[in-house]
Each structure stands twice: as structure tokens, then as C-alpha cells.
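> 3D model of this:
(chains A and B)
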Amino acid sequence: MSDCLIECRGLYKSYGLRPALRGVDLEVGPGRIVGLLGPNGSGKTTLIKLLCGLLQPTTGWLAVDGRAVGPYTKSVVSYLPDRMYFADWMKATDLFDLFRDFYQDFEYEKAMSMCRSLGVEPGDRLKAMSKGTKEKVQLVLVMARSAKLYLLDEPIAGVDPAARDFILRTILTNYNEEGTVLISTHLISDVEKVLDEAVFLKEGKIMLHATVDDIREKEGKSVDALFREIFRAEPMWEGGEL
Amino acid sequence: MLLKLLKYDFRAMWKQFSLIWGAALALALVNRFTVFRDAGNNVHSNSDLLLFAFMCVIVAMFVIAIIFVVNRFSKGLLGNEGYLMHTLPVRSWQLVLSKLICGVVNWVVCGVVALVSPFIMAPLNWAELFQFPVWSDILQGIMKHPGTLVLMAEFCLATFSFLTLFIASMYLAMAVGHLFSRHRRLVSVAAFIGLYILIANLYERVFSYSGVQSLMDMATANAYGSMLTASATTLIPAAVFLAAVCWILENKLNLE
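You can find the predicted model right below:
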């Protein structure tokens, strides 16, 4: 079995005629916190969906923990999507029961204690919860697992800076340290301090994959500064041309 | 894993239908004391409102049952809930089969409730009905004609097959609609009508071959064979439709 937790070779994904990923080659080892960084539409969500089995690649090859994506890889991947995915009639405890039934690495007691520390009442129906509380429940579901790979799709998008810190702290204090965390975001400055590696995606291609220390050492600047330099949009000239 | 999926599908069904099944049976029981027959054996009720409410609940039950099957598939597997269901460590066919079994059972239970309710409403003497001799006579009658039991079992199988085909066509229509980025519901409805026309034409064409006709004549020589043949000819397209649904979910899923 390979040492890599994530392996992608010539990964190509298109929606109809529009390509979302164009020949992605990527290797990520275990025990890393990796930032999947890129502007909107760069292919971050598509790559994460391919890794968790929600999409199939158009061409190319993809493996998680040395296996093609399927029931095994789904059992070792903990995925936080960028939207709510549960039925409103359920209670948080119903979801915990479901996760306990399907994922051997789900820790029920940990989920309950996370709920207590996050101020979530697990016996309440989800439809009675605010959007923020539902997001906390979803975060609890994902982080109460001792997964090999955590795929977090924009976990801090659309929340205020205080909430971002709170979410990142929850992730960092609860993830399985032998596993890898892949965080997709375009809010670099908020996540930079926790990252081991950064992957820059631009128009479906990997522009850069390096450790954060290497970026700082070789480029002499922070990941955020490098990101701004690479992805800086040119201002529009007077004639309307870019 | 299939059993675990079934557990959650049945739990969702129970949450939604326990009230409506209970209401239908309770209203039937209440109507038992308000509905009566006059000397001319005409049915009357001294509370038309209760009878009307009962009718409404029965109609609503079947409408909700259809919506339930559609929503459990479209929202559960093709909507936002799909982000949860498709990342569970199970195969697509298990997800589809679980929804299918739950849908068929749901419709069968609705049918049973609709059939049992008139018996509850009817002015039958329950004490007499539950006496041992009555059931003993029925059992003896069945034992004299064991073929009746086989025929009943085959009838049940044919009913299940028909429901399976109907639900499988709904699933395939929704899955086909899902392949389009716009007007998915409209495409799904069109696909459902298209599938109905396709099946009708296919049956007509296949059964027009003389070889098939001879086979059918042999298979349907008696009632037993007819029932089994009906089940088989219904289950074959249902299996093809379900395989197509699983293929779409496995290879063409796009929850955006």
C-alpha cells in the first residue's frame, strides 16, 4: 500500500464542455494539514467531491489510502460540505446514531461532549435550530470521527472573523492527528497559521504545491501574500478590456 | 449495510405516516358508530362531516404516499441530503434498493389501511368474527383448496412487481431529469411519460413475435402461470430501470 493518503494522476473533470479540473497530479501524505487554496471557480470543491466520491473523474486516476474511491475510502473520509445536508425532522442525536451505525470511527461520547462545549442541545430538532447551530452540528459530525482524511469544504466561508477562529480551533482540537486535513478556502490569512502544506489551484490546474515553511523560506513572503500575487486580478482598463 | 439503510428509511416513513394511518383507522372507528343502514340497506350517516373527513384522509394518504416516494428519492439522493447519503460507505444500489423497498412497503401499508378501514366502519359483530369456529371453517376451506393460497401468494407477488415497476420508472425519470442542468422537474415528468410509452410499445412489439406468443400461451395456460408470467414480465423492465438508476448515481451524479 502506498505511503500517500491522496494520489491523483492526470485528473480531469468537466461539466459538459466546461472543464473544472485539467490534469491534476497531487500526492498528500498522512498527518498533514493542507490548504486547498484558490479563487472561486478554481476547482477546489470539484477536487474535494472527487475525493469523497460525490463525483467521478472524466479521465485520470484517483486513490485515497491506496484504494480507488468506493465504500472503503468513504469509510475513512470525513467530509464537511459547503451546505446543510440533513433532513429537518431529525434531531442531532438521530444523526449521531446514524453516524455510529455507518462509521466505525465515529465517537458518540465525543460528539455529545463537543455539543456541550459548543452550546448545542443534541436533543433539539434540527428545524428548531438556527443556521449557525446547524453548522455546529455538522462540524461535530465530521470532527467526532477519527478519520484518516478530513475534507473540509469552505468551513469558514460566510462567517465573521470570531466564528472563523472558533471553527478552526474546533477542528484543530478534535481531528485525528494521524490523519490528514484538507481545508479548501480562499480566506488564506485565517488558515495560514495552521497549515503544513498549501496547494494553489488556478483554473483547474495546480499552480503550486509546497510546505508552508518552504514558501516562506524560498519566496520570502507569507502564503497569503503569495496567493494575492498569483491570483491578483488585473484592473479593468478604461476601454473595458482586461 | 442495507439493513441499516432500511432502518433509517423506515424510521422516516413512520415519522410521516404514523399520524395519517392512525387518523384513517381512528376515523373509520368513529364512523362505525355514526354510519348505519336503514331497512332498504342504504348506508346513512348521522355525521356527514365525519364521513367526509374519513374520505379526505384516505385520499390524502395516497397523495402523500406518492409525494413521499418522490421526495425520499429526489431530496434524499439527488438533493442536499445526497451529500450525506452518497458519502456513506455503501454502494449506490443499496441506497436505491433501500428507498425502493421502503416505498413499496409504504404503498402496500396504505392499501391495507384503505382496505381495512371499511371493515372497521361496517357494522360487523366483532365478537362473532373473532370466535374460533369462524377461523376454523376458513382454515378448513383453504386446506381443501390449497391452490387458493398459492394463487393469493402469486397475486401478492404480481402486485409487488407492479409497484416495483411503477416506482422504478419514477426513480429513473428523476435520475434522467437530474442529468440536465436546467428544468430538471419538467424533464423528469417528460421522461416518466416517455418510459410509459416505451414500455407499452416494447410489450406490444415483443408479444407480437410468434415464438414469444407460443411461450406465453404455454405459460398462461392456467391462472397460476398467468400470475407468474405477469410478475416476470413486470420485474424484467423494473430491473433494467433500477440498473440504469444505479449507473446514473454511480457515474453521473452531480448534486450542484
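> mind checking how far residue B:214 is from residue B:220?
Distance from residue B:214 to residue B:220, counting by CB to CB, to the nearest Å: 11 Å. All C-beta atoms are positioned from the backbone trio N, CA, C, and that covers glycine.
> Compare neighbour counts for the two and give me the winner.
Using other CB atoms under 10 Å in any protein chain shown, the more surrounded residue of residue B:214 and residue B:220 is residue B:220, with 15 against 10.
> list the contacts for the more buried one?
B:226, B:229 (CB atoms under 8 Å, 6 or more residues apart in numbering or on different chains).
> Roughly how far does it sit from residue B:203?
Residue B:220 sits 14 Å away from residue B:203, taking CB to CB as the criterion.
> swap in residue A:176?
Residue A:176 is 56 Å from residue B:203, by CB to CB.
> Who has more neighbours out of these two?
Using other CB under 10 Å as the criterion, residue A:176 and residue B:203 rank with residue A:176 on top: 18 against 13.
> wait, that one sits on residue A:149?
No: the criterion here is CB atoms under 8 Å, and residue A:176 misses it with residue A:149 at 9.5 Å.
> Within the helices and strands, which one has the most centrally placed residue in chain B?
For chain B, the residue nearest the mean C-alpha position is residue B:107 (3.6 Å; CA atoms, centre = their mean). Using DSSP states H and E, residue B:107 maps to helix B:92-121.
> tell me which parts of the stretch 1-150 of chain B are close to chain A?
Within the stretch 1-150 of chain B, the positions lying close to chain A (CB under 8 Å from any CB of the partner chain) are B:1, B:4, B:7-8, B:11-12, B:15, B:75-76, B:80-84, B:86-91.
> hmm, try it at 10 Å
B:1, B:3-5, B:7-8, B:11-12, B:15-16, B:71-72, B:75-76, B:79-92, B:94 (CB under 10 Å from any CB of the partner chain).
> Quickly find the element holding the closest residue to residue A:161 other than its chain neighbours.
Beyond its immediate neighbours in the sequence, the residue positioned closest to residue A:161 (CB to CB, 6 or more residues apart in numbering or on different chains) is residue A:190, lying 7.4 Å away. With secondary structure defined by DSSP H and E, residue A:190 is part of helix A:188-191.
> following that helix, which helix or strand shows up next?
Toward the C-terminal end, the helix or strand that comes next after helix A:188-191 (DSSP H and E) is strand A:197-202.
> could you give the angle of the very next helix or strand once past that following strand to strand A:197-202?
Once the chain leaves strand A:197-202, the next helix or strand it forms, by DSSP H and E, is strand A:205-211. For strand A:205-211 against strand A:197-202, the angle by axes from the mean of the first three to the mean of the last three CA atoms, to 10 degrees is 170 degrees.
> List the buried residues of the least confident helix or strand in chain A by mean pLDDT.
For chain A, the helix or strand with the lowest mean confidence is helix A:161-174, at a mean of 81 (criterion: mean pLDDT, DSSP states H and E). If you call a residue buried by 16 or more other CB atoms under 10 Å in any protein chain shown, then helix A:161-174 has these buried ones: A:164, A:166, A:167, A:168, A:170, A:171, A:174.
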